[in-house]
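Asker: Sequence and computational prediction follow.
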Amino acid sequence: MLTIKEISKRAGVSPTTVSNVIHGRTGKVSPAIRDKVKKILKEVNYAPNMAATILAHENSRIVGVIFFSEPRRNETQFEDPFSFTILGNIEWELRQMGYFMMVHTTSDQNEVLRFVQSWKLAGVIILWVPSEIIPRISDQVSCPVVHIDSYDIEGDVHYYRVGIEDRIGGYQIAEYLQSMGHRQMVFLSNGPDKTGSDYMRFLGLRDALEEQGSTLAEENFLPLSRIQEERFVLYEHLASPASPCTAVVCSADYYASEAVSHYKRLGIRVPDDISIIGFDDNIFSRILTPAITTVHQDTGERGRLAVDILIKLIEGEEVDPPQVTLPVHLQIRDSVRRL
């Protein structure tokens, strides 16, 4: 690969001019010279030294993407189609904007802050942090931050967020289940947190039931274990004669699909013996038999919007509104029976 000095000789300009073009400092470089240098850089397939690029810029062009989640036992975070889909869309959008991505997973609040403060990041996209850490991030992180699926329950922090109509999604589920004759249901949550997306979906279920004079007790919000064998025990109990439950609402299609597959191995029929509803509308929900009734969300659009907001913040542009909420809708398939 040619050096900057060799490229400058070929272009008939100074090495400083070539360096300015490489690092985007083209304010004092004429368009003709800039285009000439860029053409030579492309012809020789020049790849800049990233360490030097980072040192030369206030903007490192590296975006941190943090998944605040404890992986399920013996699995990585990215075996879940939702995580992989949103990560793929974030990476694609960042690449189109000339940015690079650094991915980190953790369930430690302090580690989130250590990670951001340890690297020279242009900005950060964070998924699923609990509400109590949002003020700490706002106070202690100097680069722009965009949250995905994080709720400031107190409502006293100005932060940027892309989310979906979680509570409306839960409402649509319970409304449909009631129309099919179901009154006894449980909600299986990805975790015990009662300030995030899963709990909002549970509250949506409760909203719809209360409109019809019923209710949904807190004990019907069931956090799932990280260990698959323990989840299997719960699935079996919910479908047993000892359980009054007729419908299981899962916080994600991952769990709905896992439950359907486990029931099939045991000879428990979905929906004849137990009805199942998921959330996400990922590929699992569409290819299993029976296909799973679920709440559809546009995962790719969430990733695209998060990147769009973050890049605007990095480049000093105004972002209004600071929070975007995307719509959802119920996708009815074959996993719920009419009682």
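Answerer: Cool, the structure landed.
Asker: And P192, how close does it get to P223?
Answerer: 4 Å (Cβ to Cβ, to the nearest Å). Glycine gets a C-beta too; all of them are placed from N, C-alpha and C.
Asker: In terms of neighbours, single out the busier of those two.
Answerer: P223 (15 against 11; other Cβ atoms under 10 Å).
Asker: just checking, what packs against the helix or strand hosting R286?
Answerer: Applying DSSP states H and E as the criterion places R286 in helix 283-287. Under the contact definition 3 or more Cβ pairs under 8 Å, 6 or more residues apart in numbering; DSSP states H and E, helix 283-287 sits against helix 253-266.
Asker: Mind listing what's buried along the helix it packs on?
Answerer: 253-260, 262-263 (16 or more other Cβ atoms under 10 Å).
Asker: Equivalent analysis for stretch 27-39, please.
Answerer: 29, 33, 36-37.
Asker: Which two of the residues you listed have the greatest separation?
Answerer: V29 and K36 (9.9 Å; Cβ to Cβ).
Asker: surely I148 meets Y159?
Answerer: No - assessed by Cβ atoms under 8 Å, I148 is found out of contact with Y159, at 11.5 Å.
Asker: what is in contact with the two at once?
Answerer: Counting by Cβ atoms under 8 Å, 6 or more residues apart in numbering, I148 and Y159 have no common neighbour.
Asker: which residues of the stretch 1-150 of the chain score low on pLDDT?
Answerer: Along the stretch 1-150 of the chain, the parts satisfying pLDDT under 70 run over 1, 23-24, 48-58.
Asker: the domain parsing of the protein - what is it?
Answerer: 4-55, 62-163+299-327, 166-297 (automatic domain parsing).
Asker: Check the offset of the longest one from the chain's centre.
Answerer: When distances are taken as Cα atoms, centre = their mean, to the nearest Å, domain 166-297 is centred 20 Å away from the chain's centroid.
Asker: Who are the contact partners of the spatially closest residue to V145 that is not a sequence neighbour?
Answerer: Once flanking residues are discounted, V145 sits nearest to V124: 4.8 Å by Cβ to Cβ, 6 or more residues apart in numbering. The contact partners of V124, by Cβ under 8 Å, 6+ apart, come to 63-66, 116, 141, 143-146, 310.
Asker: Next, T325: secondary structure please.
Answerer: strand (DSSP: H, G, I helix; E, B strand; the rest coil).
Asker: no no, L94
Answerer: Judged by three-state DSSP, the three-state class of L94 is helix.
Asker: So it is in contact with M102, correct?
Answerer: No - contact criterion Cβ under 8 Å: L94 and M102 do not qualify, at 10.4 Å.
Asker: okay, these two: which has more neighbours?
Answerer: L94 (24 against 14).
Asker: What separation do you get for that one and G88?
Answerer: Counting by Cβ to Cβ, the gap from L94 to G88 is 11 Å.
Asker: joint contacts of those two?
Answerer: Overlap of the contact sets of L94 and G88 (by Cβ under 8 Å, 6+ apart) is empty.
Asker: rewinding a little: just the contacts of V124: which are in strands?
Answerer: 63-66, 145-146 (DSSP state E).
Asker: Between I148 and Y159, which has more neighbouring residues?
Answerer: The residue with more neighbours, out of I148 and Y159, is I148; 24 against 16, by other Cβ under 10 Å.
Asker: Spatially nearest residue to that one, not counting backbone neighbours?
Answerer: L127 (4.5 Å).
Asker: and the one you found, what is it in contact with?
Answerer: Contact analysis of L127 by Cβ under 8 Å, 6+ apart lists 65-69, 86, 147-150.
Asker: Tabulate the residues you listed (a markdown table), appending distance to T106.
Answerer: As requested, the contacts of L127 are exported to a markdown table (distance: Cβ to Cβ, whole Å):
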| residue | distance to T106 |
| --- | --- |
| V65 | 12 |
| I66 | 7 |
| F67 | 8 |
| F68 | 6 |
| S69 | 8 |
| I86 | 17 |
| H147 | 15 |
| I148 | 15 |
| D149 | 16 |
| S150 | 14 |
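Asker: ranges for the strands of the stretch 51-200 of the chain?
Answerer: Assigned by DSSP state E, counting those that start in this stretch, the stretch 51-200 of the chain shows strands spanning 62-68, 100-106, 123-127, 145-148, 160-164, 185-189.
Asker: hang on, I meant the stretch 201-339 of the chain
Answerer: Using DSSP E, counting those that start in this stretch, the strands of the stretch 201-339 of the chain run over 221-223, 247-250, 275-277, 294-296, 323-326, 329-331.
Asker: Let me have the ones you listed in JSON lines, extended by mean pLDDT and distance to G196.
Answerer: Formatted as JSON lines, the strands of the stretch 201-339 of the chain follow (pLDDT from 0 to 100; distance: least, Cβ to Cβ, whole Å):
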{"stretch": "strand 221-223", "mean pLDDT": "98", "distance to G196": "12"}
{"stretch": "strand 247-250", "mean pLDDT": "98", "distance to G196": "15"}
{"stretch": "strand 275-277", "mean pLDDT": "98", "distance to G196": "19"}
{"stretch": "strand 294-296", "mean pLDDT": "98", "distance to G196": "16"}
{"stretch": "strand 323-326", "mean pLDDT": "96", "distance to G196": "15"}
{"stretch": "strand 329-331", "mean pLDDT": "98", "distance to G196": "21"}
